[in-house]
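[1] how would this look folded up:
(one chain, ligands or ions: 1)
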Amino acid sequence: MKLGCIADDFTGATDLANNLVRSGMRVMQTFGVPTAPLSSDVDAVVVALKSRTIPASEAIAQSLEALKWLKEQGAEQIYFKYCSTFDSTPAGNIGPVTEALMDALNCKFTIATPAFPDNGRTVFKGYLFAGAVLLNESGMQNHPLTPMTDANLVRVMQAQTQRKVGLIDHTVMSRGTAAIAQKIKQLEADGVGVAIVDATSNEDLKTLGPALKGMSLVTAGSGVAIGLPGNWGLQSSPQASALPIAQGYQAIVSGSCSLATQGQVAHYKTTGLPSWQFEPLNWSGTNVQQQIKADVEKALSWAKPLLANGPVLIYATTDAETLQKVQAKFGREQAGEWMESALAQVSLGLQALGVKQWVIAGGETSGACVQALNISQMQIGAQIDPGVPWCYAPHHDAGHLTLKSGNFGTPDFFTKAFQVLVGAGA
Ligand code: ADP
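    Have a look, this model is predicted:
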């Protein structure tokens, strides 16, 4: 393994893995820290944690556990991945986790940059922009858990770091890799431990990559990944995203109510392919769990004779108005939990019927289904839409899956996904 990555949330982990694959690496993503050694021959592993907003001490403990496993598997460089809006507070977790990893690796200097120009995240003079506006004008200032009220990342990072924080600004970036390497030496000599890096284009990130060669720890959003595989002589290639041949039946399980997913369900139905909808408003009384079980059985008996003909869609996706009614009836959290449990049971049932090609829509829904299917590792394949790749889970015969969170994907995503899988010669 060349690059060992620690991501502070699940969908961010896939985003990073996707960028690495597109830049030529074969990548495996794990959910949590694996208990066994790495079983596949890959260039990078992304360990996905859920450590973004948990207490800093727990985030540190989990990250160090991930680090230990990655080093045991031979990782030459460690990449700590956080959100491209630098989601954190003065209590952490970006600063404290970065410092704990530096201490463990005996690393004197690292960089920090959430720049991801393809997603509109750019850093200029140390200030983070989301699209055309500063981070603290982007809506992130009102985030319920990590309100970002200052766009100056040098200040933000300094508030959560013991080490001195510096800046590699755009004037250095524009002078090329050698100038960046020189600046890093100078910052280190000045006692700087972490430097924010300006980047406003993919070119900047590609110029930065070679200057990071040999740095034991890199901390960044997923953007910096595009400049790293070249340090091992790797370049974009179809081999990086090659997955085993897809087998088994096809199913789409959708629990996302985001607008994009609503559009994808609507589009899928226009194709005439079969679909089955959960109607939670029909649930009532004290034995809801049993009603859910009965609905799951209905959905599975409906799907059974159809699977041989092509994909089936089983969904809870609904519009905002109906969702509000369901949430008013059961409470927001309870409704979500029940729906997730229903869809997880559906996925387990579909697996028993022979489904091995999955489109799962919804971040939380994906989490519930992946857990039900006992998937702990997946290899990352070709991108279907930006940020959403096909994956292959080698264990427990789970097969191929794509986890589409919220607002990702074009309206024809549900049908296009299977075409891409076939088209890739997978
Ligand atoms: P997204 O990625 O779009 O945010 P998630 O799966 O993360 O999607 O979240 C959607 C949440 O809404 C889940 O908890 C899901 O169980 C819940 N949900 C989906 N459909 C319904 C419904 N019809 N009624 C109530 N809750 C629902």
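
[2] what about this protein, any weak spots by pLDDT?
    Filtered on pLDDT under 70, the chain yields the residue ranges 423-426.

[3] quick one, domains of it?
    3-235, 242-423 (automatic domain parsing).

[4] what does the stretch 301-426 of the chain put close to the ligand?
    Within the stretch 301-426 of the chain, the positions near the ligand by CB under 6 Å from any ligand atom are 316-318, 323, 326, 335-336, 339-340, 362-365, 405-406. To be clear about C-beta, it is placed using only N, CA and C from the backbone, and glycine gets the same treatment.

[5] please apply the same query to the chain.
    255-258, 261, 280, 316-318, 323, 326, 335-336, 339-340, 362-365, 405-406.

[6] hmm, which of those residues are the buried ones?
    255-258, 261, 280, 316-318, 323, 326, 335-336, 339-340, 362-365, 405-406 (16 or more other CB atoms under 10 Å).

[7] the longest strand along the chain packs against which elements?
    Ordering each strand of the chain by length in residues (DSSP state E) puts strand 377-385 first. Strand 377-385 sits against helix 10-22, strand 27-31, strand 388-393, strand 399-404, helix 413-423, with contacts defined as 3 or more CB pairs under 8 Å, 6 or more residues apart in numbering; DSSP states H and E.

[8] Gln182 and Cys369, how far apart?
    49 Å (CB to CB, to the nearest Å).

[9] closest residue of this protein to the ligand?
    Gly362 (2.4 Å; CB to the nearest ligand atom).

[10] identify the residues contacting that residue.
    Counting by CB atoms under 8 Å, 6 or more residues apart in numbering, Gly362 makes contact with 254-258, 261, 404-406.

[11] so which of the helices and strands packed on strand 377-385 is the most packed in?
    strand 399-404 (a mean of 26; mean count of other CB atoms under 10 Å).

[12] burial measure for the nearest residue to Gln351 once chain neighbours are set aside, as a count.
    The shortest distance from Gln351 to any non-neighbouring residue, by CB to CB, 6 or more residues apart in numbering, is to Leu373 (6.1 Å). Leu373 has 23 neighbours, counted by other CB atoms under 10 Å.

[13] got it, and the one 3 residues further on?
    The number of residues packed near Ser376 is 20, by other CB under 10 Å.

[14] how close does it sit to Ile168?
    37 Å.

[15] neighbouring contacts of the top helix by length along the chain?
    The single longest helix within the chain, with elements called by DSSP state H, is helix 332-352. With CB under 8 Å, 6+ apart as the test, helix 332-352 has contacts from 249, 251, 253, 255, 278, 280, 283, 288, 292-293, 295-297, 299-300, 303, 314, 316, 326-327, 329-330, 355, 358, 360, 364-365, 367-369, 371-373, 398.

[16] partner strands of the helix or strand just after that helix and their direction?
    Tracing the chain past helix 332-352, the next element assigned as helix or strand by DSSP states H and E is strand 355-361. Counting by DSSP bridges, the strands paired with strand 355-361 are strand 249-254 (parallel), strand 399-404 (parallel).

[17] got the angle for strand 355-361 vs strand 377-385?
    Orientation of strand 355-361 against strand 377-385 (axes from the mean of the first three to the mean of the last three CA atoms, to 10 degrees) gives an angle of 60 degrees.

[18] give me every residue that touches Thr271.
    Thr271 neighbours (CB under 8 Å, 6+ apart): Thr415.

[19] measure how buried the closest residue to Gly399 other than its chain neighbours is and give me the count.
    Leaving aside its chain neighbours, Gly399 sits nearest to Lys356 (2.9 Å; criterion: CB to CB, 6+ apart). Using other CB under 10 Å, Lys356 is surrounded by 19 other residues.

[20] you'd agree Lys356 is up against Gly248?
    Yes - using CB atoms under 8 Å, Lys356 is in contact with Gly248, at 2.6 Å.

[21] need the residues touching each of these two.
    In contact with both Lys356 and Gly248: Gly399, using CB under 8 Å, 6+ apart.

[22] specify the beta-bridge partners of Ile314.
    So, taking DSSP bridges as the rule, Ile314 has Val253, Trp276 as bridge partners.

[23] residue contacts, it?
    Per CB under 8 Å, 6+ apart, neighbours of Ile314: 251-254, 275-278, 299, 303, 343, 346, 350.

[24] where exactly do the helices run in the stretch 51-200 of the chain?
    56-72, 94-105, 153-158, 170-173, 177-189 (DSSP state H, counting those that start in this stretch).

[25] using CSV, lay out those helices together with mean neighbour count.
    Shown next, in CSV, are those (neighbours: other CB atoms under 10 Å):
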stretch, mean neighbour count
helix 56-72, 19
helix 94-105, 21
helix 153-158, 21
helix 170-173, 19
helix 177-189, 16
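
[26] helix, strand or coil for the residue of the chain most remote from its centre?
    Taking CA atoms, centre = their mean, the residue of the chain most remote from its mean C-alpha position is Gly285, at 37.8 Å. Here Gly285 is coil, with the state taken from DSSP: H, G, I helix; E, B strand; the rest coil.

[27] with just CA atoms, put stretch 118-131 into PDB.
    Presented in PDB, the C-alpha positions along stretch 118-131 are these (Å, rounded to 0.1, in the frame of the first residue of the first chain):
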ATOM      1  CA  ASP A 118     -14.000  21.000  -9.100                       C
ATOM      2  CA  ASN A 119     -16.500  21.500  -6.300                       C
ATOM      3  CA  GLY A 120     -16.100  25.200  -6.100                       C
ATOM      4  CA  ARG A 121     -13.900  25.200  -3.000                       C
ATOM      5  CA  THR A 122     -10.900  27.400  -3.500                       C
ATOM      6  CA  VAL A 123      -8.300  29.000  -1.100                       C
ATOM      7  CA  PHE A 124      -6.800  32.400  -1.800                       C
ATOM      8  CA  LYS A 125      -4.500  34.300   0.700                       C
ATOM      9  CA  GLY A 126      -5.600  31.700   3.200                       C
ATOM     10  CA  TYR A 127      -9.300  32.500   2.800                       C
ATOM     11  CA  LEU A 128     -11.700  29.700   1.900                       C
ATOM     12  CA  PHE A 129     -14.300  30.400  -0.700                       C
ATOM     13  CA  ALA A 130     -17.400  28.200  -1.300                       C
ATOM     14  CA  GLY A 131     -18.400  29.100  -4.900                       C
END
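
[28] great, nothing more from me.
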